[in-house]
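Undergrad: The sequence isn't on hand, but the structure is:
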Ligand code: DGT
Ligand code: CA
Ligand code: CA
Ligand code: ZN
C-alpha cells in the first residue's frame, strides 16, 4: 500500500473518530478533504517538504505536520489518542446503516452504548426512546439494520477473501517442495461471501508448509496444527483503513490448510471445493454405479468391506485430476462456480461459461468529473492497458450531488473533452460519451430525453430511495427499462454486501421487460456490490436477457474487480453470447446505436 493510500486511510479514520467525539466540524471536514487530496495525488506525500505540501489544495499546516509524523514515526499521536478514547466497538455501531455520528455519540454518552451488543440492549429495554428526537419508527429501522448487519457480519465479502486467499497461495507456492497449491471451498466457487478460506497443497516437505502456514506474521491464532490439516485465523489486511466498507484494521478470517497426496489431488480438490450439496449428489451418483467417492478418489464399492478403501489398499479408478473423476462418473467437467446442486449433474456437456479473457470492453466508469479518481486520459489509458476495444465514460448525473453529478452544461462540456481524447488516442480504443443517470425514486431519469439522446450510452442506476417496498421498486425499475434510450440498468438492486439489502423488485418481471425492450442488466463487479447476484443472473440467462459485466471504475485498481463480476456471471451460467462486454467492437456499437 502506498504512503498516500495509508495516509488517506488514517485521515478518514481520524475524521470518523473525531465525529464520534463531537469535535469541531471544520476540523473534521479538513481531515476528510485532506484524505481525498492524498488519494487523488500521484506524488508521494512523504517525499514533499512542508511548503510543497501546503501548496496542495486541501492540505493545511496541521495536516502537513501529520504527514511528517506518519512518514517519520509511522504513527500519528492524535490518532492513537482517539483510538484510546473511542471504544473499539463503537466503530461497528457507526457502520450500521442509518446511524449517523451524532446519534452514535448520543447513544454512547447518554446511554453508555459502546458496541452492537449494548445497542441491542437499549433497543430491547426501550431506553433508546429516551434520546431526544428518537421515535419508534427510527428505532424499528435501526433494529432492522442491526439485525441485517449482525446476521451477515460472519461472512467475508469475496473481494476481501481474495486478498487472503491470493496471499496464502502465493506464500505456499514459494515453499520448497510444494508441487501444487490451490484455494478450494466457497472461494473457488466464487460465492459472494466466504465463511473461511480453504487451501490444498501437495508437498514433499510437509513440515515447511505447516511452518509457512502457521508461523507467518499475519497469523493471529493457530486453532489446530495437525499432520495434514492446519487451521488458523489470519489478519485480512495488514494495513487497510477501517473505512469505506473495507476490512477493519484488526479483522481476521479463518483459513484451513490440507496437505494431500499428489495421486489424490483431484479427488481432494473436488471434495474440498464442495459444495457439500454437490458432493452429496456425486456420491449418490457414484453409488448407483457401484462406486464410492471420497477425498482420496473414486473406488470400486465393496459393501462388505470394513474401513475406507484407501486404508485397505484398494486402487482408485480415478483420483489424480478432477477431470478424470468426473469422466469416470460419466459426467462432463463441471466448473466450480456451478457446483451448487442446481441441476449441474444433468448437463450433457461442460458449459462454455464466460471467462475473464472474453471481456473486451468496459461500459461503466467514472472520472474526476464526478466522483472518480482518474482523469479522462487515465481512464482511457487503463482501459487500453487491459486490452479493451471500448471504454464508456459514465459519470454521475445531476441528482447525485454528493458524487459530483454533472449538470447538463458540464455533461456537454465533457463530450468535447471526449472527442479530443478520442483524437489523441486514435483508433486503438473507442471512447463512448455516456452517463450513469440516476433512476429517481419514481422511475423517471435524471436528464431529459433530448440530453440522453445526445449520449452514446446510457447506464441507468438506482442510487437513492433504496428502502422502497418491492412493489414501488418494481414499478420504478420497469419504468427505466422501458425508456427507449437506456442501454444498461446499473447495479439493479443497489445492495451493498453485509451493509444494506437494497431493493427487492420482482426480478422475473424486470428480466422479462429487459428482454422485451432489449436492455442489458448489469452485474456490477465491485465485490461490495455483486449486483445482479448469482441467482438473478441465472434467471436472466434462462430468459435470454442481455447482461453487462462492468467494474464501475472509480480508481485504477477497480479494474481488478472484474474477476468477481465474472465469477458471479459464471455462477449464473452466463455464456459469452449474452454478455455485451464480450461482443466485438462492431457488434457492440451496432447494438448501442440501435437505441439512438
Ligand atoms: P464457507 O466456508 O462457509 O463459505 O463454505 P465452504 O463451501 O467453503 O465450506 P467449508 O469451508 O466448510 O468446507 C469446504 C468444503 O469441504 C465444502 O464445500 C465441502 C467439503 N466439506 C466440508 N465438510 C463436509 C462434509 O461434512 N460433508 C461433505 N460432503 N463435504 C464437506
Ligand atoms: Ca470455506
Ligand atoms: Ca473450511
Ligand atoms: Zn457508477
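TA: Structure received. Remember, predicted model here, so these are calculated numbers, not experimental data. Ligands and ions are numbered 1, 2, ... in the order given.

Undergrad: What is the burial count for residue 138?
TA: Applying other C-beta atoms under 10 Å, we find 16 residues neighbouring residue 138. Where C-beta positions appear, they are placed from N, C-alpha and C, glycine not excepted.

Undergrad: Pretty sure residue 161 sits against residue 197.
TA: Yes - Residue 161 is in contact with residue 197 according to C-beta atoms under 8 Å; the separation is 6.0 Å.

Undergrad: Quick check: the gap between residue 441 and ligand 4.
TA: Per C-beta to the ion, to the nearest Å, residue 441 is found 18 Å from ligand 4.

Undergrad: Quick check: which element contains residue 28?
TA: helix 25-40 (DSSP states H and E).

Undergrad: so what secondary structure elements neighbour that helix?
TA: helix 3-21, helix 61-73 (3 or more C-beta pairs under 8 Å, 6 or more residues apart in numbering; DSSP states H and E).

Undergrad: Would you mind listing the buried residues in it?
TA: When burial is assessed from 16 or more other C-beta atoms under 10 Å, helix 25-40 yields the following buried residues: 28, 30-40.

Undergrad: same check, this time on stretch 156-173
TA: 156-165, 167-169, 171-172.

Undergrad: related to what we said a few turns ago, wait, which of the helices and strands packed on helix 25-40 is closest to ligand 4?
TA: helix 3-21 (20.4 Å; C-beta to the ion).

Undergrad: Let me know the secondary structure of residue 99.
TA: Here residue 99 is recorded as coil under DSSP: H, G, I helix; E, B strand; the rest coil.

Undergrad: if we can go back for a sec, can you tell me which of the buried residues of stretch 156-173 comes closest to residue 546?
TA: Set against residue 546, the nearest of those by C-beta to C-beta is residue 158 (23.9 Å).

Undergrad: how far away is the residue of the stretch 1-150 of the chain found nearest ligand 2 from ligand 4?
TA: Closest to ligand 2 within the stretch 1-150 of the chain is residue 150: 20.5 Å, counting by C-beta to the ion. Separation of residue 150 from ligand 4 (C-beta to the ion): 29 Å.

Undergrad: sorry, back to before: between the buried residues of helix 25-40, which sits nearest residue 555?
TA: Nearest to residue 555 among the buried residues of helix 25-40, with distances taken as C-beta to C-beta, is residue 39, at 7.9 Å.

Undergrad: Run a quick neighbour tally on residue 289.
TA: 15.

Undergrad: still on that earlier bit, now, the buried residues of stretch 156-173 that are in helices?
TA: Under the assignment DSSP state H, the buried residues of stretch 156-173 contribute 158-165, 167-169, 171-172 to helices.

Undergrad: Apart from its neighbours in sequence, what residue is nearest the spatially most central residue of the chain?
TA: Nearest residue to the geometric centre of the chain (C-alpha atoms, centre = their mean): residue 527, 0.5 Å. The spatially closest residue to residue 527, leaving aside those adjacent along the chain, is residue 159, at 2.6 Å (C-beta to C-beta, 6 or more residues apart in numbering).

Undergrad: Surely the residue nearest to the centre of the chain and residue 163 touch.
TA: No - at 9.9 Å, residue 527 does not count as touching residue 163 under the criterion of C-beta under 8 Å.

Undergrad: Among the buried residues of stretch 156-173, which pair sits farthest apart?
TA: 157 and 172 (22.9 Å).

Undergrad: what about the nearest residue to residue 323 once chain neighbours are set aside, which helix or strand?
TA: Distances taken as C-beta to C-beta, 6+ apart put residue 333 closest to residue 323, at 5.3 Å, once the chain neighbours are dropped. Counting by DSSP H and E, no helix or strand carries residue 333.

Undergrad: OK, contacts around residue 333?
TA: Residue 333 is in contact with 322-323, 326-327, 350, counting by C-beta atoms under 8 Å, 6 or more residues apart in numbering.

Undergrad: buried subset of those residues?
TA: Buried residues within the contacts of residue 333, counting neighbours by 16+ other C-beta under 10 Å: 322, 326.

Undergrad: Of the contacts of residue 333, just say which sits nearest to residue 453.
TA: residue 350 (43.7 Å).

Undergrad: mind checking how far the closest one is from residue 332?
TA: For residue 350, the distance to residue 332 equals 4 Å [C-beta to C-beta, to the nearest Å].

Undergrad: ok, now residue 206?
TA: Distance from residue 206 to residue 332, counting by C-beta to C-beta: 34 Å.

Undergrad: phi, psi of the residue of the stretch 351-500 of the chain found nearest ligand 3?
TA: Closest approach of the stretch 351-500 of the chain to ligand 3 (C-beta to the ion) occurs at residue 498, with a separation of 19.3 Å. Dihedral pair for residue 498: phi 70, psi 0, per degrees, to the nearest 10.

Undergrad: And the pLDDT for it?
TA: Looking at residue 498, its pLDDT is 84.

Undergrad: what do you get for residue 1?
TA: So residue 1 comes in at 65 (pLDDT).

Undergrad: can you check residue 151 too?
TA: For residue 151, pLDDT reads 67.

Undergrad: How about residue 260?
TA: 98.

Undergrad: host element of the closest residue to it other than its chain neighbours?
TA: Of all residues not flanking residue 260 in the chain, residue 268 sits nearest, at 4.1 Å (C-beta to C-beta, 6+ apart). Per DSSP H and E: residue 268 is located in helix 265-273.

Undergrad: can you tell me the average pLDDT over that helix?
TA: For helix 265-273, mean pLDDT rounds to 98.

Undergrad: So what touches the helix or strand just after it?
TA: Downstream of helix 265-273, the first helix or strand assigned by DSSP H and E is helix 276-288. For helix 276-288, the external contacting residues (C-beta under 8 Å, 6+ apart) are 270-271, 292-293, 298, 301, 329-331, 334, 339-341, 344-345.

Undergrad: Of these, which pair is most distant in space?
TA: Using C-beta to C-beta, the contacts of helix 276-288 span at most 25.7 Å, a distance reached by 301 and 340.

Undergrad: the more surrounded of the two?
TA: Remark: of residue 301 and residue 340, residue 340 carries more neighbours, 20 against 16, as counted by other C-beta under 10 Å.

Undergrad: For that one, which non-adjacent residue is closest in space?
TA: residue 275 (5.3 Å).

Undergrad: Count the residues that sit near the one you found.
TA: Neighbours of residue 275 using other C-beta under 10 Å come to 18.

Undergrad: same question, residue 594
TA: Residue 594, neighbours per other C-beta under 10 Å, totals 9.

Undergrad: ok, now residue 228?
TA: 12.

Undergrad: That one touches residue 209, doesn't it?
TA: No - look at residue 228 against residue 209 with C-beta under 8 Å: they stay out of range, at 10.0 Å.

Undergrad: what residues are shared contacts of the two?
TA: residue 259.

Undergrad: What residues does the stretch 101-250 of the chain have near ligand 2?
TA: 185-186, 195-196, 198 (C-beta under 5 Å from the ion).

Undergrad: okay, and the helix or strand of the protein with the least pLDDT?
TA: Within the chain, no helix or strand scores below helix 136-152, which has a mean of 82 by mean pLDDT, DSSP states H and E.
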